[in-house]
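1. Here is my input, please return the structure:
(chains A and B)
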Amino acid sequence: MLHIVVCIKQVPDSREIRIDPKTNTLIRQGVPAIVNYYDLHGLEEALRIKDEFGARVTVITMGPPSAEKALCQCVSMGADEGVLVSDRAFAGADTLATSYVLALTIQKAEDTWGPVDMIFCGKQTLDGDTGQVGPGIACRLDMDQLTYVELFESLDIEKQEVVVRRHLEDGVERVRARLPVLITALDILNRPRRASLPGVLRAARYKPIVWTTNDFSNLDRSKIGLKGSPTIVSKTWVPEPKQVNTEYVDSANVVAAATDLLNRLYATELPQKLGWS
Amino acid sequence: MAERTGKRKPMIGLQPEGDIDWSSYRGVMVFVEQRNGQAKPVSWQLIGEATRLAAKLNVKVMALVIGWQVSELAEESIYHGADEVYVCDSKELEHYRTRPYSRVCLHVIRKYKPEIVLMGATNTGRDLAGAIATHLPTGLTADSTQLDVDEERLLLASRPAFSEKMLATILCKQFKPQMATARAGVFEQLPRDTTRTGEVIQVPPQMDPGEIATEMIEFLETKGSVNLAEAEVIVAGGRGLGGPAAFEMLKELADELGGVVGASRAVVDLGWIGHDHQVGQTGVTVRPKLYFAIGISGAVQHVVGMQNSSYIVAINKDANAPIFKIANYAIVGDLFQIIPAIIQAVRTRKLERLQLLKY
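-> Below is the predicted model:
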C-alpha cells in the first residue's frame, strides 16, 4: 500500500492577531489555534489518493501538547495516524531546525509503517510565511520536490510517476516526477472535505502518537530547537502606520474629477517612474 | 508500496562541506532568475540593492546565471551592476528544476564563497533558496523587504511578520553565506549602463541529464498574464462592482495604464474573477507604484496585501469605507460614472502628448 505523510502545523489564526496600540506588542490571547490553512489542502490531496488507490496516510506535526487537537482534526477527516513530535528541546526552531526534526520523524515513520512514497506540505504557514520547510525536508531526505502545486493531474503506480501543475507568477508548469516526491499545496489545489461521522467518532477517541527527543536514537541535539537554528530575530517592531494625507477629489462633475485626479497623479514622481510621457 | 533496500543514506545538510573559514567568504551574490533567456525584473532590482551592500562591505557584486542559451544575461547582469558573473549554460538547465539548479548553486557558492546570497522571493526563488540553505546548511530569511549590513558584516534582513502587522530583522551569525529571498518591486534597479565591464566565469553543470528524475512537460503561460507580484500598476475591484461584467471596465483602465487587474477576496470567492487576481492575505501581497482600489471597502485582510503601494487611489460610494484612510487620493462617488471618465481622461492626455510631440 502507498504510504503518504502529511506535514501540518497548528498556528494562531493570524487574521485574528491584533497589535496592542499601547505596548506595540502582539495580542495572542484569545486568538484561535487552527490547522494551517494550506496544510489542509495537502491533507485533502493525500486523502483523495487514499480514496482512489488505497493508502496509509500519516499526519505529523511538531509542536506543543495542545497540537494533538490539530492531529485529531486530521484523523476526523480520514487520516490513519497522527504523530505529534513534542519536547521542550524542540522549541524555538527556525526552518532549518524544523526541517531536521520533521525529516527525522518521517524516517522514523518509515521504520514504523514502511517506506514513504509521497509527502504533502502546505505551501507555507500562516504564522511563518516562509515556505522553506517543505523544500528543507525534501533536501534532507534527498527527494525531489514539487512546490506550489495547483493541480494533481495523475499518479501512475506502475511507473511510480506523478504529473502535477505548478503555479508560477507568469504561468503554469506541467511537471512529471518520480516517486518518492514531496509536494507543497496551494489552496486552489482542492477543497478540503468535512469530517465524516465515523471520522468524528474515531477522532473523539483517538490519542495521537507522541514522540519526544528520547524516541529518536540518532537525534543530534545540537541541530534542534533554538540552538539548532542559525537565524536569529534581532529586532521586531511595529511599522509606523502609513501617514496618509488623503486628498479628496471633488466628484460633483465626473469629467472634471477625472481630469483633476490625473493632474494630481502627474504632479507626483509617477510619470517618471512609470515612463508616462 | 515503495520498496527500497539497503542502508539509508545519511541525512543531507547536517554539516557544512568544504571551507568553513568564514572570513574567506567575500562578495554579494544574486541569483538571476530567467525564463527563455528573459530575466525577471526582481533579479535586476536585487543586483541594484547588492551594489549598495557591496559598497558598504567593500566587496564585489557577483551574479549567478543558470539556464540554456543565457550568455546574453551575463552581459546584462554586468550592465545592471554585477562585477563578476558565473554562468552555467546547458541544455538540461533550460527549464528550472530544483536539483540540477541547486547543485550548480552549491558548487558556485562553495567554490567562490560569497558572504551573502540573494534571490527573488518568487515561487522559483523560494523553491531554490529553501533547498540550497538546507543543503549548505545556512540561515535563510524569506521575503525580505529591507536589507542592510552592519559593522560586523552581518546581513540584516527585515521582513513582514504576522500578516504584515510587524517587521522583524533577522540575521545569521553561525554560517556563511547569509541568505535571503526578497520581494519584487521593493528595491530599485540601477539604470542599465552598457559601458560597464566585468568578468564572466563559465561553470559546468553538476548533474548528468540521466540523474534528473523530474521533467518539465510544458509551460502554459497565463492568459492575459496576471503577474500581480511584479505589476507596477494594479487596478483592483471589489464587491462594489456589483458583478463580473464591470471587470471589463477595470481591464480597460489597466490596459491604458500598462497595469493588471486585481481583486478582493470577496469577489474571487463569488466567482466574478479568477483566484490569480486576488490581492491580500490569502492572495498575493503587492507593492505597485500605483494601486486603484475600486469598490473595495478595505477589509484588513485586503489592506495588508496592498498598503505598501506607493500611491493608492480609492473610489467608493461609501464615504466611510476604511480604504479611504490609507488612500492618497479619494473619490467618493459612483464608480460606473467615474471609471469611464478616467479612462477617457487618460486617452485624451495621451493624445495631447502625441500632438505635442508632432510639433
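2. end to end, how far does stretch B:205-218 reach?
-> 22 Å (Cα to Cα, to the nearest Å).
3. can you pull the buried residues of that stretch?
-> Neighbour counts over stretch B:205-218 (16 or more other Cβ atoms under 10 Å in any protein chain shown) mark B:205-207, B:212-214 as buried. C-betas here are computed from N, CA, C, even on glycine.
4. what do you get for stretch A:63-70?
-> Those would be A:63, A:67-68, A:70, for stretch A:63-70 by 16+ other Cβ under 10 Å.
5. with those residues in mind, which one is nearest to residue B:121?
-> Of all these, residue B:121 sits closest to residue A:63, with 25.7 Å by Cβ to Cβ.
6. pLDDT wise, what is the closest one at?
-> In the predicted model, residue A:63 carries a pLDDT score of 96.
7. Can you pull the phi and psi angles for the closest residue to residue B:263 other than its chain neighbours?
-> Closest residue in space to residue B:263, ignoring its immediate chain neighbours: residue B:277 at 4.2 Å, by Cβ to Cβ, 6 or more residues apart in numbering or on different chains. Residue B:277 adopts backbone torsions of phi -90, psi 0, taken as degrees, to the nearest 10.
8. In contact with residue B:277, which residues?
-> The neighbours of residue B:277, taking Cβ atoms under 8 Å, 6 or more residues apart in numbering or on different chains as the test, are B:226, B:228, B:236, B:260-263, B:268, B:283.
9. Where in the chain is the helix or strand with the lowest mean pLDDT?
-> Went with chain A since none was named. Lowest on mean pLDDT, DSSP states H and E among the helices and strands of chain A sits strand A:26-27, with a mean of 74.
10. look at chain B instead
-> Here the helix or strand of chain B ranked lowest by mean pLDDT, DSSP H and E is helix B:300-303, holding a mean of 85.
11. can you pull out the strands in the stretch 51-200 of chain A?
-> Assigned by DSSP state E, counting those that start in this stretch, the strands in the stretch 51-200 of chain A fall at A:55-62, A:81-85, A:118-122, A:144-156, A:161-168, A:171-178, A:181-185.
12. What sits closest to the most centrally placed residue in chain B if chain neighbours are left out?
-> The C-alpha lying nearest the average C-alpha coordinate of chain B belongs to residue B:184 (Cα atoms, centre = their mean; 3.1 Å). Among residues not flanking residue B:184 along the chain, residue B:42 sits closest, at 4.0 Å (Cβ to Cβ, 6+ apart).
13. Next SSE downstream of the host helix or strand of the one you found?
-> Secondary structure assigned from DSSP states H and E places residue B:42 in helix B:41-57. The C-terminal neighbour of helix B:41-57 among helices and strands, as given by DSSP H and E, is strand B:61-67.
14. So which bits of the helix or strand following that following strand are buried?
-> Counting by DSSP H and E, the next helix or strand C-terminal to strand B:61-67 is helix B:71-79. For helix B:71-79, burial by neighbour count (16+ other Cβ under 10 Å) applies to B:73-79.
15. same check, this time on stretch A:232-246
-> Applying 16+ other Cβ under 10 Å to stretch A:232-246 flags A:232, A:236, A:238 as buried.
16. swap in stretch B:274-288?
-> For stretch B:274-288, by 16+ other Cβ under 10 Å, it's B:275-281, B:283-288.
17. Now for residue B:137, how many residues are close by?
-> 26 (other Cβ atoms under 10 Å in any protein chain shown).
18. What residues does residue 191 make contact with?
-> Reading this off chain A. residue A:44.
19. so which residue of the stretch 101-250 of chain A comes closest to chain B?
-> residue A:135 (3.0 Å; Cβ to the nearest Cβ).
20. number of nearby residues for that residue?
-> Using other Cβ under 10 Å, residue A:135 has 30 other residues around it.
21. Could you find the closest non-adjacent residue to it?
-> residue B:130 (3.0 Å).
22. quick one: low-confidence parts of chain A?
-> Chain A contains residues with pLDDT under 70 at A:277.
23. mind listing the helices for it?
-> Assigned by DSSP state H, the helices in chain A fall at A:37-53, A:68-77, A:95-113, A:133-140, A:197-205, A:254-266, A:270-274.
24. tell me the domain ranges of the chain?
-> Assuming you mean chain A. Chain A breaks down by automatic domain parsing into domains covering A:2-223, A:244-277.
25. oops, chain B please
-> B:22-211, B:228-358.
26. hey, least reliable of those domains by pLDDT?
-> Among the domains of chain B, domain B:228-358 scores lowest, at a mean of 91.
27. Figure out how far that domain is from the centre of its chain.
-> Using Cα atoms, centre = their mean, to the nearest Å, the mean C-alpha position of domain B:228-358 is found 21 Å from that of the whole chain.
28. Where does the stretch 101-250 of chain B get nearest to chain A, which residue?
-> For the stretch 101-250 of chain B, Cβ to the nearest Cβ, closest residue to chain A: residue B:130, 3.0 Å.
29. So that residue lies in a helix, does it not?
-> Yes - in this structure, residue B:130 lies within a helix as judged by DSSP: H, G, I helix; E, B strand; the rest coil.
30. Enumerate every residue touching it.
-> A:95, A:130-136, A:139, B:140.
31. For the closest residue in space to residue A:178 that isn't next to it in sequence, which three-state class applies?
-> The shortest distance from residue A:178 to any non-neighbouring residue, by Cβ to Cβ, 6+ apart, is to residue B:213 (4.2 Å). Under three-state DSSP, residue B:213 falls in the coil class.
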